[in-house]
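Trainee: Below is the sequence, then the predicted model.
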Amino acid sequence: MYNTPPLSPPLSPSKHIKQPQSTQSSRTNSQKKPKMKRILIALLLTLVLVIVWKISLQLLRRPTLEIVYAYYNEDIDKFSGFANLIRQRLHWRFKLSDTVYVKQEPSDELSKKLGKIVDNVVYLPNVGREGGTYLHHIIQRYKATIFPDNLNTSQDLVLADKTLFLQPHPAWYWIMYDRLNFILPSSAFLSLGPYVRGNCGVTEGHTLPQMKSIYQLFTGTECPDDQDQLVTWAGQFLVSQDRILNNPLGRYVEMLNLIEAPSGDAIHDETQWWFANKNDPSNPFIGHSLERSWPVIFDCNQPSFINEHACGGQHKAGSKHCLAPFAICFVGCYGVSKLSDVVSRRYSKVYRQLSSTDKLDWNAHSVSLVHSLLTAPASLYVLRASPLALSRNIHGYDRLIGSLHAFSLGYFAWDVLYELYTRSAVFVAHGAFSGLAYLYSFTPMFMNLGPAFLLWEASTPFVNLNWFLDRTHKRTSMWYVANGIALTASFFLARIAFGGYMSAVFFESIRENYDSLPGHIVGLYVVGNITLNTLNLHWFYRICRKIRRML
């Protein structure tokens, strides 16, 4: 009687049985590697070319922005740090220059120190507070812009496309740093301080009668007592060249004469009980009226413009609240991987027979499954709960969306490290492009569309279940067929149909906001989106081909 061979291979030793498969697998992998390398090199070259092209266009098209500082007896080191921060936040959107107006005795040493921080150092008499400084700059640049031939001025003395007026330190910094994100080539006026309602000089419990005079000077009409106006504080704001030139030069000159009126002028007799300082040319009370009147002067005086979401919100983009979900997800991915190893060793015979590389792949799919089961429902919730989600505000920031992005960013960071370890070029590219897209959303940029793209994860549980059923030899089971149908439907709906629609919305957003976007980041997003959609189409083709063979 002949001994019949076993129906299944012995558990140990397995080397003699696996060797032919591993040889065939190695041949297949060796054939795929050159092709994958060529694809990866082509993608990288395309990315580099697009980025170089977009950066070149951005550098050529950037409008000019001059930063103007009103300086008086400030800490040089703090001012240097602040000026560098402002430049870093704005340099990719504008061609920058900066000027500091110093209202103290001229000093060679001070000039030398300030000259290392800014482009131009100008000394002025210590009169008129920061408002007088701003008006002096406006008048001089206004004249050079309108009458360049008569004044024989050089090009760098004309009004820039945008002018940012600041003091040497941030006031209301949590508002200011947020609103720097909204200084765009299309901006006409934006205060970097609080917006409040006012009514002809009555604002937040204070009365400033001279605001009525300023309103009448710049609008040509009396201030309407039955209408509120938009008021701002802190004397830090951006204004465009067009808004400055909309007012006749004589109005700025008249305002400067008022705020720099000499001692003994009747204007210094007007004050309020809460103004504890001496009302004199160096600190005129009318300076507080001017500080609050810049929205009126530059035709941005509608109270409806008070909008926290439009003006940056209360939370700084990328603030510390995002670190917790990132860390939780990153560490959690490692924990799920280890837990998968422990549980699978104990309860799965198939797992115990796998090579060390296949076991890593098994655990990575476990991590991906858990992440997708958490992220897809969370994305649906955020799409309903966040007013920023799916809006047209591509530069908005929302704490809820930021937390979701930070959580997924933790997964993408873990995934890239894992794929680098296993040397999977395609999935390294997938994880890197996805991670960078969500990382740059904290600038903020395209945060409004992020949760919608995370809905791609709705198909990922079925992708992972298909992989597990395949590895556990369940290809002929009803579970495998049912999951295959669910995988095909969810992949098409989430990634092909809805993903294609959101990609169209994404490209339309780029077209509408092209001037406000840095070229290199646009290049990254465009190449990343095309790469990820190409991979989705490729994977869907493979799914359909597999379904066809099953049928």
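Mentor: Yep, it's here. Numbers count the residues shown, from 1 in each chain.

Trainee: where's the residue nearest to residue 158 when sequence neighbours are not counted, which helix or strand?
Mentor: Nearest residue to residue 158 in three dimensions, chain neighbours excluded: residue 145, at 4.4 Å (C-beta to C-beta, 6 or more residues apart in numbering). In short, each C-beta sits where N, CA and C put it, glycine included. Assigned by DSSP states H and E, residue 145 belongs to helix 129-146.

Trainee: other SSEs contacting that helix?
Mentor: With contacts taken as 3 or more C-beta pairs under 8 Å, 6 or more residues apart in numbering; DSSP states H and E, helix 129-146 sits against strand 64-71, strand 95-102, strand 162-166, helix 241-245, helix 249-259, helix 286-297.

Trainee: I'd like these laid out as a markdown table, including mean neighbour count, mean pLDDT and distance to residue 268.
Mentor: Output for these, formatted as a markdown table (neighbours: other C-beta atoms under 10 Å; pLDDT from 0 to 100; distance: least, C-beta to C-beta, whole Å):
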| stretch | mean neighbour count | mean pLDDT | distance to residue 268 |
| --- | --- | --- | --- |
| strand 64-71 | 23 | 96 | 20 |
| strand 95-102 | 19 | 94 | 22 |
| strand 162-166 | 24 | 97 | 24 |
| helix 241-245 | 17 | 92 | 28 |
| helix 249-259 | 18 | 95 | 11 |
| helix 286-297 | 24 | 92 | 9 |
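
Trainee: Just send these back as CSV, with distance to residue 439 too.
Mentor: Formatted as CSV, the helices and strands packed on helix 129-146 follow (distance: least, C-beta to C-beta, whole Å):
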stretch, distance to residue 439
strand 64-71, 26
strand 95-102, 25
strand 162-166, 27
helix 241-245, 34
helix 249-259, 44
helix 286-297, 35
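
Trainee: domain assignment for the protein?
Mentor: 60-305, 320-549 (the TED database).

Trainee: Mind checking these for the one nearest to residue 46?
Mentor: Among the domains of the chain, the nearest to residue 46 by C-beta to C-beta is domain 320-549 (6.2 Å).

Trainee: residues near the residue nearest to residue 193 when sequence neighbours are not counted, how many?
Mentor: Excluding the flanking residues, the one nearest residue 193 by C-beta to C-beta, 6+ apart is residue 234, at 3.2 Å. Number of residues near residue 234 (other C-beta atoms under 10 Å) recorded here: 19.

Trainee: Correct me if wrong, but residue 234 is in a strand.
Mentor: No. Counting by DSSP: H, G, I helix; E, B strand; the rest coil, residue 234 falls outside a strand, being coil.

Trainee: possible to save the domains of the chain as a markdown table with distance to residue 46?
Mentor: Below are the domains of the chain laid out as a markdown table (distance: least, C-beta to C-beta, whole Å):
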| stretch | distance to residue 46 |
| --- | --- |
| domain 60-305 | 22 |
| domain 320-549 | 6 |
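
Trainee: where's the residue nearest the centre of the chain relative to residue 394, distance?
Mentor: Nearest to the mean C-alpha position of the chain, by C-alpha atoms, centre = their mean, lies residue 444 at 1.5 Å. According to C-beta to C-beta, to the nearest Å, residue 444 stands 8 Å off from residue 394.

Trainee: I'd guessed residue 372 sits against residue 454; true?
Mentor: No. The criterion here is C-beta atoms under 8 Å, and residue 372 misses it with residue 454 at 9.6 Å.

Trainee: Comparing these two, which shows the higher neighbour count?
Mentor: Looking at residue 372 and residue 454 with other C-beta under 10 Å, you find the greater number of neighbours at residue 454, namely 24 against 21.

Trainee: can you pull the contacts of the residue nearest to that one when sequence neighbours are not counted?
Mentor: Closest residue to residue 454 apart from its sequence neighbours, by C-beta to C-beta, 6+ apart: residue 379 at 4.2 Å. Counting by C-beta atoms under 8 Å, 6 or more residues apart in numbering, residue 379 makes contact with 404, 451-452, 454-455, 457.

Trainee: Using a markdown table, lay out these together with pLDDT and secondary structure.
Mentor: Conversion of these to a markdown table gives the following (pLDDT from 0 to 100; DSSP: H, G, I helix; E, B strand; the rest coil):
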| residue | pLDDT | secondary structure |
| --- | --- | --- |
| 404 | 92 | helix |
| 451 | 92 | helix |
| 452 | 93 | helix |
| 454 | 92 | helix |
| 455 | 92 | helix |
| 457 | 91 | helix |
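
Trainee: going on from the host helix or strand of residue 481, what's the next piece of helix or strand?
Mentor: According to DSSP H and E, residue 481 maps onto helix 478-491. Beyond helix 478-491 on the C-terminal side, the first helix or strand identified by DSSP H and E is helix 498-512.

Trainee: May I see the buried residues of the helix or strand following that next one?
Mentor: Note on helix 498-512: by DSSP H and E, the next helix or strand toward the C-terminus is helix 519-550. The neighbour-count check on helix 519-550 (16 or more other C-beta atoms under 10 Å) flags 519, 521-532, 535-536, 539-540, 543 as buried.

Trainee: Need the contact partners of the helix holding residue 481.
Mentor: Applying C-beta under 8 Å, 6+ apart, the contact partners of helix 478-491 are 458-459, 462-463, 465-466, 469-470, 474, 536, 539-540, 543-544, 546-547, 550.

Trainee: Same question for stretch 352-372.
Mentor: Contacts of stretch 352-372 (C-beta under 8 Å, 6+ apart): 11, 14, 18, 329, 333, 336-341, 344-345, 351, 408, 411, 414-415, 418, 421-422, 457-458, 460-461, 463-465, 467-468, 471.

Trainee: okay, the angle between the helix holding residue 145 and helix 286-297?
Mentor: Taking axes from the mean of the first three to the mean of the last three C-alpha atoms, to 10 degrees, one finds helix 129-146 and helix 286-297 inclined to each other by 40 degrees.

Trainee: mind checking how far helix 129-146 is from the chain centre?
Mentor: Here the centre of helix 129-146 is set off from its chain's centre by 33 Å, with C-alpha atoms, centre = their mean, to the nearest Å.

Trainee: Now it: buried residues?
Mentor: In helix 129-146, counting by 16+ other C-beta under 10 Å, buried: 129-145.

Trainee: Stretch 326-340 too?
Mentor: For stretch 326-340, the neighbour count (16+ other C-beta under 10 Å) marks 326, 329-330, 332-333, 336-337, 340 as buried.

Trainee: Sketch out the low-pLDDT regions of the stretch 101-250 of the chain for me.
Mentor: 148-156, 204-205 (pLDDT under 70).

Trainee: Repeat the analysis, applying 50 as the threshold.
Mentor: Where the stretch 101-250 of the chain drops to pLDDT under 50, the residues are 153-155.

Trainee: now the strands for it?
Mentor: 120-123, 162-166, 189-191, 195-198, 202-203, 206-207, 229-232, 237-240 (DSSP state E, counting those that start in this stretch).

Trainee: and of these, who's closest to residue 285?
Mentor: Of all the strands of the stretch 101-250 of the chain, it is strand 206-207 that lies closest to residue 285, at 11.4 Å by C-beta to C-beta.

Trainee: Now do the contacts for the residue nearest to residue 158.
Mentor: Residues in contact with residue 145 (C-beta under 8 Å, 6+ apart) are 158-159, 241, 245.

Trainee: Next: residue 419.
Mentor: Residue 419 touches 427-428, 431, counting by C-beta under 8 Å, 6+ apart.

Trainee: and the nearest residue to residue 496 once chain neighbours are set aside, what does it touch?
Mentor: For residue 496, ignoring the flanking residues on the chain, the nearest one in space by C-beta to C-beta, 6+ apart is residue 540 at 5.8 Å. Residue 540 is in contact with 491-492, 495-496, counting by C-beta under 8 Å, 6+ apart.

Trainee: Any chance of a markdown table for the residues you listed, columns distance to residue 356, pLDDT and neighbour count?
Mentor: Formatted as a markdown table, the contacts of residue 540 follow (distance: C-beta to C-beta, whole Å; pLDDT from 0 to 100; neighbours: other C-beta atoms under 10 Å):
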| residue | distance to residue 356 | pLDDT | neighbour count |
| --- | --- | --- | --- |
| 491 | 30 | 92 | 23 |
| 492 | 35 | 93 | 17 |
| 495 | 31 | 92 | 24 |
| 496 | 35 | 93 | 17 |
